[in-house]
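Trainee: no FASTA, just this:
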Ligand SMILES: Nc1ncnc2c1ncn2[C@@H]1O[C@H](COP(=O)(O)OP(=O)(O)OP(=O)(O)O)[C@@H](O)[C@H]1O
Ligand SMILES: CCCCCCCCCCCCC/C=C/[C@@H](O)[C@H](CO)NC(=O)CCCCC
Ligand SMILES: [Ca+2]
């Protein structure tokens, strides 16, 4: 009593009416249902000014915040002796909900039934579909039958005009399929050539929701704050919008792939190559291959050149984390002239470009904790050849509050473009020599597999591009600011429960 409980209209999922009071009753469809009474006390008072009434319960479903950024849908029952007054409230709430134009009404859903622990279909059917139905969202669901099914459907067939958004049920690999389909389609429809690295790409208008059902799910974790299907479904229903950068990756002016999370050469490339052979292990394959590649301790030589970002977007060492929809005021590569480029040659254990924090349950603060999702930059992290002990210190710091960049062999640059050239790729004659050298080394490394201390190292690693292996090692990467939008709002600071305004609402 005397407690004031308020719910923002933007966080109401729906209101429903029951025609009779708290007892078993017959519904129009002939079935029987017991009305549950829950938590209605405070709000019942707000509606009636009286303590108890017994007529015409109205149920309101709304978002309640739990721990660790999790959201739940909870129900409140209102009772009111005055039917007209009650009706007035219900239709008032419904009108206000209908006026929120950012809420999706029709969604195109792709489910990868083989991602993560192969639970995608069950997760969607049991946890997500009932919420969408309750919120009055209609869906067209496609369960994929093969890899790239979703990408190809989006590229050519999907009737995108019918929908307000696309939902991806799966992991980072499935999300990657969705963005490849959507970005490609958007460029084709707008007459832009996605093969040219110099083209300014057209932003995609449809928002994407991620229902996590993969192995790492780092894009969901880093944009919502948790890997929880119900939380993601609620962010979709309330119509959140979070813009996000996308990197295009080219090789010799030919398009290879897009990346939104990690582009990693060396350690993360090798972990991925090794773990792909162990898909049968499920998510544990990354731990196994991670340990193996840590022990293997390969380093790679090459040249990294980059265009530093300029503007007011801070540095990777700021120690700030992304908070709710704080969009950058300005970003950017002020000039793209050649003399702005910087070049670093060396021997690297890892070259990582993190366009967002890459936070995931393995590393709750991520590869680059202050990386912004939507500032048009990526954080280029160079880990030079060092001892196993030092590399372990660097890795362990991803799991604690310690700064993983505060080590002599690690450097980090906020950039909007970069290129990588493996050392042995620099000219055709070099390449021939190196191919010979590489095959010799590979024979050696075969022989020396059990003796990692002897230092045999293959010449090339591979690029891990959001969990997919790239076919080329020499790449040209460019960040496209806010090319896509998610049904998310970044990670909320726990104190910010009241009205949240989006300074760059779209
Ligand atoms: N029906 C399907 N059959 C086989 N592969 C599929 C199918 N649908 C999608 N895929 C592919 O499965 C791969 C893995 O999917 P997903 O990303 O959902 O799970 P994951 O790899 O376990 O998780 P994460 O990417 O988070 O590590 C993706 O590259 C996707 O292209
Ligand atoms: C001794 C303890 C050391 C612990 C060190 C933990 C450091 C973890 C950093 C995690 C970074 C994840 C980056 C995410 C990349 C995704 O785009 C990609 C696709 O899902 N996942 C992987 O490549 C899977 C990558 C898996 C890496 C292990
Ligand atoms: Ca970024």
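Mentor: The structure has been received and is ready for your questions. All values reported here derive from a predicted model rather than from experimental measurement. Residues are numbered from 1 along each chain as shown. Ligands and ions are numbered 1, 2, ... in the order given.

Trainee: looking at the protein, which helix or strand is least sure?
Mentor: Ranked by mean pLDDT, DSSP states H and E, the weakest helix or strand in the chain is strand 32-33, scoring a mean of 28.

Trainee: tell me which residue lies nearest the centroid of the chain.
Mentor: Computing the C-alpha centroid of the chain and ranking residues by C-alpha atoms, centre = their mean puts residue 219 first, at 1.9 Å.

Trainee: now do the helix or strand containing it: distance to the chain's middle.
Mentor: Element membership for residue 219 (DSSP states H and E) is helix 218-224. Remark: helix 218-224 is offset 4 Å from the chain centroid, using C-alpha atoms, centre = their mean, to the nearest Å.

Trainee: does it reach ligand 2?
Mentor: Yes. Helix 218-224 is in contact with ligand 2 by C-beta under 6 Å from any ligand atom, via residue 218. Any C-beta I mention is one placed from the backbone N, CA and C, and that applies to glycine too.

Trainee: give me the contacts around that helix.
Mentor: For helix 218-224, the surrounding residues in contact (C-beta atoms under 8 Å, 6 or more residues apart in numbering) are 69, 172, 175, 210-212, 227, 231-232, 235, 242, 244, 260-262, 322, 356-361, 366, 373, 466, 486, 488, 490-491.

Trainee: near ligand 3 too, which of those?
Mentor: Filtering the contacts of helix 218-224 for proximity to ligand 3 by C-beta under 5 Å from the ion leaves nothing.

Trainee: for the residue of the stretch 351-500 of the chain found nearest ligand 1, what are phi and psi?
Mentor: Nearest residue of the stretch 351-500 of the chain to ligand 1: residue 467, at 4.4 Å (C-beta to the nearest ligand atom). Main-chain torsions, residue 467, degrees, to the nearest 10: phi 90, psi 0.

Trainee: where does pLDDT dip in the stretch 351-500 of the chain?
Mentor: Counting by pLDDT under 70, the stretch 351-500 of the chain contains low-confidence residues at 425-457, 493-500.

Trainee: residue 211 is in contact with residue 128, correct?
Mentor: Yes. Between residue 128 and residue 211 there is a contact under C-beta atoms under 8 Å: 5.6 Å.

Trainee: which residues are in contact with each of the two?
Mentor: Residues touching both residue 128 and residue 211 (C-beta under 8 Å, 6+ apart) are 167, 169, 229, 232-233.

Trainee: just the buried subset of the residues you listed, written out for PyMOL, thanks.
Mentor: Under the burial definition 16 or more other C-beta atoms under 10 Å, those of the shared contacts of residue 128 and residue 211 that qualify are selected in PyMOL by:
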select buried, resi 167+169+229+232+233
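
Trainee: helices - which of the shared contacts of residue 128 and residue 211 land there?
Mentor: Counted as lying in helices by DSSP state H, out of the shared contacts of residue 128 and residue 211, are 229, 232-233.

Trainee: give me the domain ranges for the chain.
Mentor: The chain resolves into domains spanning 9-98, 103-239, 246-481 when parsed by automatic domain parsing.

Trainee: what's the span of the longest one, first residue to last?
Mentor: Domain 246-481 has an end-to-end distance of 7 Å (criterion: C-alpha to C-alpha, to the nearest Å).

Trainee: shouldn't residue 368 be in contact with residue 354?
Mentor: Yes. If you go by C-beta under 8 Å, residue 368 and residue 354 touch, sitting 4.0 Å apart.

Trainee: and the residue of the stretch 401-506 of the chain at minimum distance from ligand 3, how far from ligand 2?
Mentor: The stretch 401-506 of the chain approaches ligand 3 most closely through residue 479 (6.6 Å), counting by C-beta to the ion. To ligand 2, residue 479 is 16 Å away according to C-beta to the nearest ligand atom, to the nearest Å.

Trainee: and that residue, what does it touch?
Mentor: Residues near residue 479 by C-beta under 8 Å, 6+ apart: 245-247, 355, 376-378, 415-417.

Trainee: what comes up buried for the strand or helix carrying it?
Mentor: Using DSSP H and E, residue 479 sits within strand 475-486. Under the neighbour-count criterion of 16+ other C-beta under 10 Å, strand 475-486 has 475-486 buried.

Trainee: tabulate the residues you listed (JSON lines), appending distance to residue 308.
Mentor: Converted to JSON lines, the buried residues of strand 475-486 look like this (distance: C-beta to C-beta, whole Å):
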{"residue": "475", "distance to residue 308": "18"}
{"residue": "476", "distance to residue 308": "16"}
{"residue": "477", "distance to residue 308": "14"}
{"residue": "478", "distance to residue 308": "14"}
{"residue": "479", "distance to residue 308": "12"}
{"residue": "480", "distance to residue 308": "17"}
{"residue": "481", "distance to residue 308": "16"}
{"residue": "482", "distance to residue 308": "20"}
{"residue": "483", "distance to residue 308": "21"}
{"residue": "484", "distance to residue 308": "24"}
{"residue": "485", "distance to residue 308": "27"}
{"residue": "486", "distance to residue 308": "27"}
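
Trainee: given the strand holding residue 479, what are its sheet partners and their directions?
Mentor: Next to strand 475-486 in the sheet, as set by DSSP bridges, lie strand 207-212 (parallel), strand 242-251 (antiparallel), strand 410-422 (antiparallel).

Trainee: can you say which of those is packed in most?
Mentor: Highest mean neighbour count of the strands paired with strand 475-486: strand 207-212, a mean of 26 (counted as mean count of other C-beta atoms under 10 Å).

Trainee: that strand - what's its average pLDDT?
Mentor: Mean pLDDT, computed over strand 207-212, is 98.

Trainee: hmm, who's touching it?
Mentor: The contact list for strand 207-212 (C-beta under 8 Å, 6+ apart) reads 104, 107, 120, 123-124, 128, 164-171, 175, 178-179, 182, 217, 219-221, 223-224, 227-229, 232-233, 235-236, 241, 484-488.

Trainee: 7 Å instead, please
Mentor: Contact with strand 207-212 is made by 123-124, 128, 165-169, 175, 178, 219-220, 227, 229, 232-233, 236, 241, 484-487, as judged by C-beta atoms under 7 Å, 6 or more residues apart in numbering.

Trainee: need the residues of the chain near ligand 1, please.
Mentor: Within the chain, the positions near ligand 1 by C-beta under 6 Å from any ligand atom are 112-116, 144-149, 170-174, 177, 214-217, 467.

Trainee: residue 88: how many residues sit nearby?
Mentor: Residues near residue 88, counting by other C-beta atoms under 10 Å, number 12.
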